[in-house]
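Q: Need a 3D model of the following:
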Amino acid sequence: MELHPTQKIVVKDIHRFRVLRCGRRWGKTTLAIYELLGKVIAKDGVRVLYLSPTFQQSRDILWESLLKIVRGTNPKINEARLEITLRTIDGGDGLLLVRSWESVETLRGQAFDLIVIDEVASMKEFWVNWQEVLRPTLTDRKGEVIFISTPKGFNHFYDLCNQELTDKDFKAFHFTSWDNPHLDQEELQTAKDTLPSDRYLQEYEASFQKTQGLAIPEFSREKHLYEELPVGNYEKLAGVDFGYVHPAAVPEIRWTGEKLYVEDEWYKRGRVDAQIAEYVASCNFNAVYPDPENQGGIEELRRRGVNVREVQKGKGSVLKGINMIRELFLSKRLFINKRCVNLITELESYAYDDSKSELPVKENDDCIDALRYVVMSLFSKMDKQQRILRELGQRQWNLNTNQSNPV
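A: Okay, here's the model as predicted:
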């Protein structure tokens, strides 16, 4: 295989975690194959892994191309499991596995020397799977990772590209479709001239563009994120969205009576109601607002002495709650700590399928749902407080005006 100049830049880099933000047809599949094969034949016992969002994508994107390259080396091919055993330079064996994000849970307890994660921006529940499943598989062997994707809004991939600012093991690269010298330049120019600007910039220039159809477009990193909780008197509250296959989400919220600060988050998958209740009880919240549809989970909370507050949920409640969250962001009464990466990802991914959809797509919403239970329960009190403050402000302004302009 022959690599073009920008692919060679990545191959020569020695950072443990390389993040590639690249435009369509830049050459990520070729690079992935080169890196995986180079690693797996280097010495006996090496294990490498390729991941894409779905099984079908893994087969279509990488597997077929991989087979064409390795067939002449007399490999042992397991077609059913998408695994290839290759002879290494020192006469041993190395194993290359091809998997999908859909089956990422099956990788628990395994060990890898290199993982290539393709189309990262499309990975659901990225942070919980990275932190709980994949990162531990690298520990024994001090394994490396190559994260590859074209952007898809300002989601977890955006944060991943910025990891190099705080973690010396990370290095981010940005390449456009134009950086592949084998692509037809006229074809790229046609795409630039005919596609909507934001679509072209995202897909070909690998530029981060805001996701279309966001359910909560008022959220802004610049306006609503903070690092340190302001000094003040707070009630410590939490919403609880139970889950097992989908993550359970418990945002820790501080309330002044006027504003809400999401100070931290607990975001775990594979937890039964009793385990979730155990965690919530250990946090000593002043009050907790759980999903009212899970009566079993609520009973577990009460059994542990948690102060459970009732949450109204019925027809139209989802849209009503979303609008309340939007109003709080708009009026700067809701803020998120930067450490709440899962909630931030959801806020930048939770979207309508199209303009005619009544509700957003039911995904990327676990932490948002938990936040919504709290907001819906407190909104009327916060709104009343806001009106009182406005009235006091108006009264003071009137007094000041009268004093400065006596009759």
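
Q: so where's the stretch 201-350 of the chain uncertain?
A: Of all residues in the stretch 201-350 of the chain, none has pLDDT under 70.

Q: next one: phi and psi at residue 133?
A: The phi and psi values for residue 133, taken as degrees, to the nearest 10, are phi -110, psi -60.

Q: do the same with residue 107
A: Phi and psi for residue 107, reported as degrees, to the nearest 10, are phi -90, psi 0.

Q: residues contacting it?
A: By C-beta atoms under 8 Å, 6 or more residues apart in numbering, the residues touching residue 107 are 49, 99, 133, 134, 137. (Glycine included, C-beta is placed from N, CA and C.)

Q: quick one: which of those residues is nearest to residue 377?
A: residue 133 (33.8 Å; C-beta to C-beta).

Q: From what I see, that closest one and residue 108 are in contact.
A: Yes - contact between residue 133 and residue 108 holds when scored by C-beta atoms under 8 Å: they sit 5.6 Å apart.

Q: So for those two, which sits in the more crowded spot?
A: Of the pair residue 133 and residue 108, residue 133 is the one with more neighbours under other C-beta atoms under 10 Å, namely 17 against 12.

Q: Flag the shaky bits of the stretch 1-150 of the chain, pLDDT-wise.
A: In the stretch 1-150 of the chain, residues with pLDDT under 70: 1.

Q: how about the strands of it, start to end?
A: With DSSP state E, counting those that start in this stretch as the criterion, the stretch 1-150 of the chain has strands at 17-22, 47-52, 76-78, 83-87, 93-100, 114-118, 144-149.

Q: possible to save the ones you listed as a markdown table with distance to residue 8 and mean neighbour count?
A: Output for these, formatted as a markdown table (distance: least, C-beta to C-beta, whole Å; neighbours: other C-beta atoms under 10 Å):
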| stretch | distance to residue 8 | mean neighbour count |
| --- | --- | --- |
| strand 17-22 | 13 | 24 |
| strand 47-52 | 20 | 24 |
| strand 76-78 | 29 | 13 |
| strand 83-87 | 23 | 18 |
| strand 93-100 | 22 | 20 |
| strand 114-118 | 17 | 24 |
| strand 144-149 | 14 | 24 |
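
Q: now those in CSV, with distance to residue 351?
A: CSV is the format used below for these (distance: least, C-beta to C-beta, whole Å):
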stretch, distance to residue 351
strand 17-22, 21
strand 47-52, 22
strand 76-78, 39
strand 83-87, 36
strand 93-100, 23
strand 114-118, 22
strand 144-149, 18
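
Q: what's the model's confidence in stretch 168-175, averaged?
A: The pLDDT scores in stretch 168-175 average 98.

Q: buried residues in that stretch?
A: The neighbour-count criterion (16 or more other C-beta atoms under 10 Å) identifies 170, 171, 172, 173, 174, 175 as the buried residues of stretch 168-175.

Q: Pop the domain breakdown of the chain in here.
A: Residue ranges for the domains of the chain, per automatic domain parsing: 5-203, 221-392.

Q: could I get those as a markdown table with distance to residue 214?
A: Converted to a markdown table, the domains of the chain look like this (distance: least, C-beta to C-beta, whole Å):
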| stretch | distance to residue 214 |
| --- | --- |
| domain 5-203 | 8 |
| domain 221-392 | 5 |
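
Q: count of neighbours near the closest residue to residue 140 other than its chain neighbours?
A: Among residues not flanking residue 140 along the chain, residue 111 sits closest, at 4.9 Å (C-beta to C-beta, 6 or more residues apart in numbering). The number of residues packed near residue 111 is 13, by other C-beta under 10 Å.

Q: got it, and residue 39?
A: For residue 39, the neighbour count with other C-beta under 10 Å is 20.

Q: That one is in contact with residue 113, isn't it?
A: Yes - using C-beta under 8 Å, residue 39 makes contact with residue 113 at a distance of 6.0 Å.

Q: Give the intersection of the neighbour lists for those two.
A: Here residue 39 and residue 113 share the contacting residues 46, 48, 144, scored by C-beta under 8 Å, 6+ apart.

Q: Let me know the closest of the contacts of residue 107 to residue 262.
A: residue 133 (24.8 Å).

Q: What's the separation between the closest one and residue 342?
A: 15 Å (C-beta to C-beta, to the nearest Å).

Q: do residue 111 as well
A: Residue 111 sits 26 Å away from residue 342 when distances are taken as C-beta to C-beta.

Q: same question, residue 266
A: 10 Å.

Q: between those two, which one's more packed in?
A: Neighbour tally, residue 266 and residue 342, criterion other C-beta under 10 Å: the higher count belongs to residue 342, 24 against 20.

Q: so residue 261, which of the three states?
A: strand (DSSP: H, G, I helix; E, B strand; the rest coil).

Q: Begin at 55, not 1, for the rest of this chat.
A: That works, and once the first residue is 55, the last one we named lands at residue 315.

Q: Let me know whether it touches residue 288 as I believe.
A: Yes - applying C-beta under 8 Å, one finds residue 315 in contact with residue 288, separated by 7.5 Å.

Q: what sits in contact with each of these two?
A: Common contacts of residue 315 and residue 288 (C-beta under 8 Å, 6+ apart): 308, 309.

Q: what would the buried residues of stretch 222-229 look like in JSON lines with secondary structure and distance to residue 76?
A: Converted to JSON lines, these look like this (DSSP: H, G, I helix; E, B strand; the rest coil; distance: C-beta to C-beta, whole Å):
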{"residue": "224", "secondary structure": "strand", "distance to residue 76": "16"}
{"residue": "225", "secondary structure": "strand", "distance to residue 76": "14"}
{"residue": "226", "secondary structure": "strand", "distance to residue 76": "11"}
{"residue": "227", "secondary structure": "strand", "distance to residue 76": "8"}
{"residue": "228", "secondary structure": "strand", "distance to residue 76": "7"}
{"residue": "229", "secondary structure": "strand", "distance to residue 76": "4"}
